[in-house]
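S.K.: Coordinates only, no sequence provided:
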């Protein structure tokens, strides 16, 4: 890859827990909106606001989903569930804070394996909605 050039495809990498400036790591808490499994993508240091997720997904009520249901629907094991490439298309909502980063990391289908891509590419690939779904920090 040419230094400074945009990658042409997402790059899988092993998660080291360290991310350079301009990057953010995202996580997906297992959730449902009105009983439908829904992918809520938030910064790893943040928490999902279930009311905001329900509103962004056009529903009334959101709740955390069970591990078995999430694994069955996505085809991935917990800890490696990606917002991309599920067995069946699931609604995806990406927290708006992700759009402020040059690149983001998200799970790539296995525990410890991540993909780095531009937030706009994640939104496009997942056919996602962008909304403020991260809970405000406690304090």
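M.R.: Happy to help now that I have it. Fair warning: this is a prediction, and the values are worked out from it, not measured in the lab.
S.K.: Could you look up the SS state of the nearest residue to residue 67 once chain neighbours are set aside?
M.R.: Distances taken as CB to CB, 6 or more residues apart in numbering put residue 78 closest to residue 67, at 5.2 Å, once the chain neighbours are dropped. Backbone N, C-alpha and C define where each C-beta goes, glycine included. Counting by DSSP: H, G, I helix; E, B strand; the rest coil, the backbone at residue 78 sits in coil.
S.K.: surely residue 78 meets residue 71?
M.R.: Yes: counting by CB atoms under 8 Å, residue 71 is a contact partner of residue 78 at 6.2 Å.
S.K.: Next, the contact list for the residue nearest to residue 67, please.
M.R.: Neighbouring residues of residue 78 by CB atoms under 8 Å, 6 or more residues apart in numbering: 30, 67, 70, 71.
S.K.: Let me have those in CSV, extended by neighbour count, pLDDT and secondary structure.
M.R.: Supplementary listing: these in CSV, determined by neighbours: other CB atoms under 10 Å; pLDDT from 0 to 100; DSSP: H, G, I helix; E, B strand; the rest coil:
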residue, neighbour count, pLDDT, secondary structure
30, 22, 75, strand
67, 13, 89, helix
70, 23, 88, helix
71, 15, 89, helix
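S.K.: Any stretches of this structure with poor pLDDT?
M.R.: For the chain, the stretches flagged by pLDDT under 70 are 1-29, 139.
S.K.: Could I get the full set of helices for it?
M.R.: Under the criterion DSSP state H, helices of the chain are mapped to 50-56, 67-74, 119-126.
S.K.: looking at those, which is buried most?
M.R.: For the helices of the chain, the largest average neighbour count (mean count of other CB atoms under 10 Å) is found in helix 50-56, namely a mean of 20.
S.K.: ok, for the residue nearest in space to the middle of the chain, nearest residue in space, not its chain neighbours?
M.R.: In the chain, the residue lying closest to the centroid (CA atoms, centre = their mean) is residue 41, at 3.1 Å. Distances taken as CB to CB, 6+ apart put residue 94 closest to residue 41, at 4.5 Å, once the chain neighbours are dropped.
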